[in-house]
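S.K.: sequence-free structure coming up:
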């Protein structure tokens, strides 16, 4: 196992500002690029990340600490951010993500002592028994998967423009 | 076609600082994570990006402007950065990338008037005739593909740690 709480937090605390730097001020052509009908653009990915901060990571962590395996996590609707989409600017959303992530890292540090809590278990509605360590590792990899998604959907915009170089560009050959 | 030089530059100028913010100060466990023998870690990707700034994008652009289709580009060795790897810190390399990219964006603006030059053609050693627009679009998508690669190789570190959540994490299922 490679999980280390301090090093996991190093990623969790960098993600919002990295995305803020990358996306703030970009023209709509980049922010609204997607991979076709039913796929997310960069703004929708940020909305999904905010949703996870509100309803996924910390609530599930608290549930493991309070209930253990007695009660399964409520299912997390990965599309729920589409129900309450506000017409806020990308800059506003990135700021919201940064603020709630900062709060959640503080909660994580207050709740979890990595010497004692990483092997505690809860009940996932689909997977069954899961550990705190698995939940926290997933939080980190979830950030990474969505950073990769953002650059991938943006790359889609130049799929035709790159001409024959498409062959060398892994991001366009999935 | 979606290419627009001003909007392309918006990405080119953000990439180095985005990566600087994301990677500076990270522990070796993250920076040295890779996908197995013969694959690159985040540091090696930055070295490759620097190499492209030195020997790929601007030199090829100049060659199109000076030679047109008369003379093919010299082949670009995508592994050449392994021959002259310096033991500099990641922070030093990120700074170098940022400096040379800034210079190259200034050169791009001085060399190319998008109203006149985007359809000029050169000779690629493998692809044959290529256009300035295709080269510049590729420069942008090349940034995006390598940002995606960096987060993907970092995610690899927690492949086992995430436990059953692996199934939901696209970045671990390529």
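M.R.: On my side now, so go ahead. Note that the coordinates shown come from a computational prediction; the quantities given were computed from them, not determined experimentally.

S.K.: what about residue A:140, how many neighbours?
M.R.: Residue A:140 has 24 neighbours, counted by other CB atoms under 10 Å in any protein chain shown. In this view, the C-beta of every residue, glycine as well, is placed from N, C-alpha and C.

S.K.: try residue A:92
M.R.: Residues near residue A:92, counting by other CB under 10 Å: 11.

S.K.: how close does it sit to chain B?
M.R.: 19 Å (CB to the nearest CB, to the nearest Å).

S.K.: ok, residue A:57 next?
M.R.: With CB to the nearest CB as the criterion, residue A:57 and chain B are 12 Å apart.

S.K.: repeat for residue A:121
M.R.: Taken as CB to the nearest CB, the span from residue A:121 to chain B is 11 Å.

S.K.: for burial, what's the neighbour tally of that residue?
M.R.: So residue A:121, with other CB under 10 Å, has 15 neighbours.

S.K.: tell me what the longest helix seen in chain A is packed against?
M.R.: Using DSSP state H, we find that the single longest helix of chain A is helix A:132-155. On a contact count with 3 or more CB pairs under 8 Å, 6 or more residues apart in numbering or on different chains; DSSP states H and E, helix A:132-155 meets helix A:5-23, helix A:42-55, helix A:57-67, strand A:121-124, helix B:132-155.

S.K.: redo that, cut-off 7 Å
M.R.: Judged by 3 or more CB pairs under 7 Å, 6 or more residues apart in numbering or on different chains; DSSP states H and E, helix A:132-155 is in contact with helix A:5-23, helix A:42-55, helix A:57-67, helix B:132-155.

S.K.: from these, which stretch is densest packed?
M.R.: helix B:132-155 (a mean of 24; mean count of other CB atoms under 10 Å in any protein chain shown).

S.K.: show me where pLDDT drops low in chain A?
M.R.: A:77-86 (pLDDT under 70).

S.K.: where's residue A:174, which helix or strand?
M.R.: Using DSSP states H and E, residue A:174 is not contained in any helix or strand.

S.K.: Three-state assignment for residue A:129, please.
M.R.: On the three-state scheme (DSSP: H, G, I helix; E, B strand; the rest coil), residue A:129 is labelled strand.

S.K.: leaving out sequence neighbours, find the closest residue to it.
M.R.: Nearest residue to residue A:129, sequence neighbours excluded (CB to CB, 6 or more residues apart in numbering or on different chains): residue A:121, at 5.2 Å.

S.K.: residue A:24 too?
M.R.: Per CB to CB, 6+ apart, closest to residue A:24 is residue A:91, 5.2 Å.

S.K.: other SSEs contacting the host helix or strand of that neighbour?
M.R.: Per DSSP H and E, residue A:91 falls inside helix A:90-111. Here helix A:90-111 touches helix A:5-23, helix A:42-55, helix A:57-67, going by 3+ CB pairs under 7 Å, 6+ apart.

S.K.: so who does the spatially closest residue to residue A:101 that is not a sequence neighbour touch?
M.R.: In space, and not counting its chain neighbours, residue A:101 is closest to residue A:16: 4.9 Å by CB to CB, 6+ apart. Counting by CB atoms under 7 Å, 6 or more residues apart in numbering or on different chains, residue A:16 touches A:94, A:97-98, A:101.

S.K.: now distance to residue A:158 and neighbour count too, for the residues you listed, in a markdown table please.
M.R.: Putting the contacts of residue A:16 into a markdown table (distance: CB to CB, whole Å; neighbours: other CB atoms under 10 Å in any protein chain shown) gives the following:
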| residue | distance to residue A:158 | neighbour count |
| --- | --- | --- |
| A:94 | 23 | 23 |
| A:97 | 26 | 21 |
| A:98 | 29 | 17 |
| A:101 | 30 | 22 |
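
S.K.: need the contact list for the residue of chain A positioned farthest from its centre.
M.R.: Within chain A, the residue lying farthest from the chain centre (CA atoms, centre = their mean) is residue A:164, at 33.3 Å. Going by CB under 7 Å, 6+ apart, residue A:164 touches B:127, B:130.

S.K.: can you rerun that using 10 Å?
M.R.: Residues near residue A:164 by CB atoms under 10 Å, 6 or more residues apart in numbering or on different chains: B:124, B:126-131, B:134, B:138.

S.K.: which one (most neighbours) among the residues you listed?
M.R.: Tallying neighbours with other CB under 10 Å puts residue B:134 at the head of those, with 26 neighbours.

S.K.: nearest spatial neighbour of that residue, skipping sequence neighbours?
M.R.: In this structure, residue B:134 finds its nearest non-sequential neighbour in residue A:163, 3.5 Å apart by CB to CB, 6+ apart.
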